[in-house]
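In: take a look and give me a structure for this.
(4 chains)
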There are 2 protein chains.
Amino acid sequence: MDTEKVLDIAMTAYWQTDPADVSVNAITQMAGISKPSLYRAFGSEDGLSRAVLDRYAEQVLSEMFLILHGGKGLRRTLDALIDFASGDPRMETGCLFYKMRAGKHRLGPDTLARVEEIDAAAQAAYVAFLQAARNAGEWPDGLSVEAGAKYLGEQIALAITQRASGEDPARIREMLTLALSVFTRP
Amino acid sequence: MDTEKVLDIAMTAYWQTDPADVSVNAITQMAGISKPSLYRAFGSEDGLSRAVLDRYAEQVLSEMFLILHGGKGLRRTLDALIDFASGDPRMETGCLFYKMRAGKHRLGPDTLARVEEIDAAAQAAYVAFLQAARNAGEWPDGLSVEAGAKYLGEQIALAITQRASGEDPARIREMLTLALSVFTRP
DNA sequence: GGCTTAAAGTACCAAATGGTAACAAAATGA
DNA sequence: TCATTTTGTTACCATTTGGTACTTTAAGCC
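Out: From the prediction side, this is the model:
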């Protein structure tokens, strides 16, 4: 039994629809393995989804952190974020992390803990990014860095979630650009 | 068997958590009725949730349409929307309609149709509101009315959804105000 | 070969899901 | 008063859920 392969299949399935709509039975079937094999490898459904989330974080989410830590300045970083959220083909069916976060109460304890950990890390990354922009004088006062970070994070989550529901990418880009224009107002 | 009472109980249950997390069994239990009684009254789970949504629309959603059709001008209407989304105690656990819309694929055909109907009506109301504002010269060009309407609707949905996840109302108000400030920019 | 040990698979479990057939109780009509 | 229709309940159905005890297969190793 190839653990990596199973994780990939599970990740794709969770990602394409929603973790809550993919049963353990379905995954074993798609992976062509027996249920006890899967339980021996991951312990429980919670263990599996947690492992999937770990994989997703290092394979996909890392890219978002890279953009934030790129040190490219306010405008160019925001543009990169807009490109990623509204244009990247990998986000065509939404973001697995945001799907999990939206269905928090349906997750097992381990996966939930990981979701909150990632959420906190993302918030911290947004804060660091905006703080740097403020220090560089690129971003006007009047809004706390924390509030701005939360706002930025939620707008990106909204944009990606809309992609999952089949909204026109051009429209999503337009709306996200509008939402983030508050950071670059004259 | 009091149909209205059952609808109220179901509405509250669906609303407080999520339609997908409340089973027919749970509702019959809460309402103190037997399952066949419920099925005779509503036909199916889909019939029940559709009836609940109807009730919710006329009891709760109507208020949002009232605000939009109030004809109070851009600024005051936006303020009323912000108050409603981030302050109204009834939205403390989120909006049943948005919860259903977020979990579209889990709904039965009748309920789904009703959700899309309401969604279209809301979009039309936002369009009419913004068109009136533009005609009155209260809102600058540069963004199509349709795009603005979608943006406005999604921002309000986002704010109310955040309330369901326990976010601080003051913070939500701050973010929503920021998001909607694009409509009243000098 | 023969023996041991780890991996995999078969076949099950109890609980919960949406939904219904069959039957008893009560209201309604003539 | 008697027959009929409505209302409600009990007890079930098949299917799916997450999870596991038990048996079979395969790989090492001497």
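
In: which residues sit in contact with the closest residue to A:Gly108 other than its chain neighbours?
Out: In space, and not counting its chain neighbours, A:Gly108 is closest to A:Asp46: 2.6 Å by CB to CB, 6 or more residues apart in numbering or on different chains. The way it works is simple: take the backbone N, C-alpha and C, and place the C-beta from them, glycine included. Each residue near A:Asp46 by CB atoms under 8 Å, 6 or more residues apart in numbering or on different chains is listed here: A:107-111.

In: so which strand or helix has A:Asp46?
Out: A:Asp46 is part of helix A:45-56, with elements assigned from DSSP states H and E.

In: may I see the contacts of A:Asp46 organised as a markdown table, with pLDDT and distance to A:Asp79 added?
Out: Shown next, in a markdown table, are the contacts of A:Asp46 (pLDDT from 0 to 100; distance: CB to CB, whole Å):
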| residue | pLDDT | distance to A:Asp79 |
| --- | --- | --- |
| A:Leu107 | 97 | 33 |
| A:Gly108 | 97 | 38 |
| A:Pro109 | 97 | 39 |
| A:Asp110 | 97 | 36 |
| A:Thr111 | 97 | 33 |
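
In: among these, name the buried ones.
Out: Buried by 16 or more other CB atoms under 10 Å in any protein chain shown: A:107, A:110-111, out of the contacts of A:Asp46.

In: ok, which of those also contact DNA strand C?
Out: Contacts with DNA strand C are made by none of the buried ones among the contacts of A:Asp46, judged by CB under 7 Å from any atom of the strand.

In: nearest to B:Ile82, of those residues?
Out: Checking the buried ones among the contacts of A:Asp46 against B:Ile82 by CB to CB gives A:Leu107 as the nearest, at 31.6 Å.

In: and that closest one, how far is that from chain B?
Out: Distance check for A:Leu107 against chain B: by CB to the nearest CB, to the nearest Å, it reads 13 Å.

In: residues contacting that residue?
Out: A:Leu107 makes contact with A:19, A:46, A:49, A:100, A:115 under the criterion CB under 8 Å, 6+ apart.

In: what strand or helix carries the one residue sitting closest to the centre of chain A?
Out: Central residue of chain A (CA atoms, centre = their mean): A:Phe97, 4.2 Å from the mean position. When elements are assigned from DSSP H and E, A:Phe97 belongs to helix A:96-102.

In: in chain A, which spans are helices?
Out: Ranges of helices within chain A are A:3-16, A:24-31, A:35-42, A:45-56, A:62-68, A:74-87, A:96-102, A:109-135, A:145-164, A:169-180, based on DSSP state H.

In: related to what we said a few turns ago, TSV for the contacts of A:Leu107, including pLDDT?
Out: TSV is the format used below for those (pLDDT from 0 to 100):
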residue	pLDDT
A:Pro19	97
A:Asp46	97
A:Ser49	97
A:Met100	98
A:Val115	98
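
In: which of these sits closest to A:Ala128?
Out: The shortest gap between A:Ala128 and any of the contacts of A:Leu107 belongs to A:Val115, at 20.5 Å (CB to CB).

In: report the separation between that closest one and A:Ala102.
Out: Note on A:Val115: its distance to A:Ala102, by CB to CB, to the nearest Å, is 10 Å.

In: what residues does chain A put near DNA strand D?
Out: Counting by CB under 7 Å from any atom of the strand, the residues of chain A close to DNA strand D are A:23-26, A:35-36, A:39, A:44-46.

In: which parts of chain A sit against chain B?
Out: By CB under 8 Å from any CB of the partner chain, the part of chain A that sits against chain B consists of A:17-18, A:20-21, A:102, A:104-106, A:143, A:147, A:150-151, A:154-155, A:158, A:162, A:165, A:171, A:174-175, A:178-179, A:181-182, A:185.

In: which other helices and strands does the helix holding A:Phe97 contact?
Out: The helices and strands touching helix A:96-102, judged by 3 or more CB pairs under 8 Å, 6 or more residues apart in numbering or on different chains; DSSP states H and E, are helix A:3-16, helix A:45-56, helix A:109-135, helix A:145-164.
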